[in-house]
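**Q** here is a sequence with its predicted model. Questions after.
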Amino acid sequence: MKDSVPVGVLRERSVSKGRRPEYDVLGLAVPVDWRDGYFFFESVTGSAGPRGDTAGQVLTASAEDEFSAQLIETSPPEDDYDARRRVYRQIVARRGQVSFRRELLDAYQARCAITGSSTTMVLEAAHLRPYRGPRSNSVSNGLLLRSDLHTLLDLQLLAFDPTSRRVLLSRVLSGGDYADLAGRAMREPTKPHQRPADDVLAAVHAAFQHAEGRR
C-alpha cells in the first residue's frame, strides 16, 4: 500500500464441497486504506465493484450484489409451500443461531434491549462484535434487538455510550422516526455476567464514531 503497487483482485465463487475453487478475475486495483479490519482498493482497470466510505457500506453493497445474483440464478419456487419454506429459512438465518438467540431471549426476558418490545417474532440475536466463530456467541457479546434496530446497529447508525450505556444515534437519523430513541437507557439482564461487556461496548462505540466521521 505504501508503494502503491497494484494487485490482482479475485473473488472466489461458491462451489460444491470437494471441488476445486474457482475465481472471477475482477481486475487490477491499488490498496489505498486499511480500516475496520479490511483493505480498501481503487480499481485501475475501470472494473465496477462495490464502493463505500466504510467497510460496512462496502459489505452492504457486496451483499446486495450477491443477493441479486442469487435471485437471478435460483429457480423459482415449485409451489406455495416451497416459497414459504424459503421465506422461513431467511427469517431463521436473520434471527441468528438458534441457541444464541434462545440464551438472549432468556437473559433479556424476551424483550428488546432498547424498546422493550415483547413481540418475539421480530426479536433477533445481534452480535456486538462481528461473528467470528462459535466463541462470538457469548451473551455478553450480544443484544436482543427488534429487527429494524439490529439493522441500524449492523450499519453503524446506532451504538451505545460505553459509560452511561444509553443509545447513540447517527446524525443522519436525527429528526426521523428513530429520534426518540436517542439517550434511551439500555435494558440489561439482571445477571451481571450476561450484560454487554465494557470493552465490547467501547469497541462498538469507537467504530460508530469512526463511521460518523466518514458520513
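**A** Here it is on my side, so go on. Numbering: from 1, shown residues only.
**Q** please name the nearest non-neighbouring residue to residue 10.
**A** Leaving aside its chain neighbours, residue 10 sits nearest to residue 23 (4.2 Å; criterion: C-beta to C-beta, 6 or more residues apart in numbering). Yep, even glycine has a C-beta here, placed from its N, CA and C like the rest.
**Q** ugh, wrong one, residue 149
**A** Nearest to residue 149 is residue 114, by C-beta to C-beta, 6+ apart, at 5.6 Å.
**Q** count residues in the vicinity of the one you found, would you?
**A** As a burial measure, residue 114 scores 22 neighbours (other C-beta atoms under 10 Å).
**Q** go on, residue 1?
**A** Neighbours around residue 1, by other C-beta under 10 Å: 13.
**Q** same check on residue 105?
**A** Using other C-beta under 10 Å: residue 105 sits among 15 other residues.
**Q** check residue 145 too.
**A** 25.
**Q** list the residues that contact it.
**A** 112, 113, 114, 123, 124, 126, 153 (C-beta atoms under 8 Å, 6 or more residues apart in numbering).
**Q** which SS state does the first one fall under?
**A** Put plainly, it is residue 112. coil (DSSP: H, G, I helix; E, B strand; the rest coil).
**Q** what's the closest non-adjacent residue to it?
**A** Nearest to residue 112 is residue 146, by C-beta to C-beta, 6+ apart, at 4.6 Å.
**Q** so that neighbour touches residue 125, yeah?
**A** No - judged on C-beta atoms under 8 Å, residue 146 makes no contact with residue 125 at a distance of 12.0 Å.
**Q** these two: which has the busier surroundings?
**A** residue 125 (23 against 20).
**Q** who does the more buried one form a beta bridge with?
**A** residue 144 (DSSP bridges).
**Q** related to what we said a few turns ago, please report the distance of the residue nearest to residue 112 from residue 4.
**A** 45 Å (C-beta to C-beta, to the nearest Å).
**Q** related to what we said a few turns ago, so what's the residue nearest to residue 112 up against?
**A** With C-beta under 8 Å, 6+ apart, residue 146 has these contacts: 112, 114, 115, 117, 119, 122, 123, 124.
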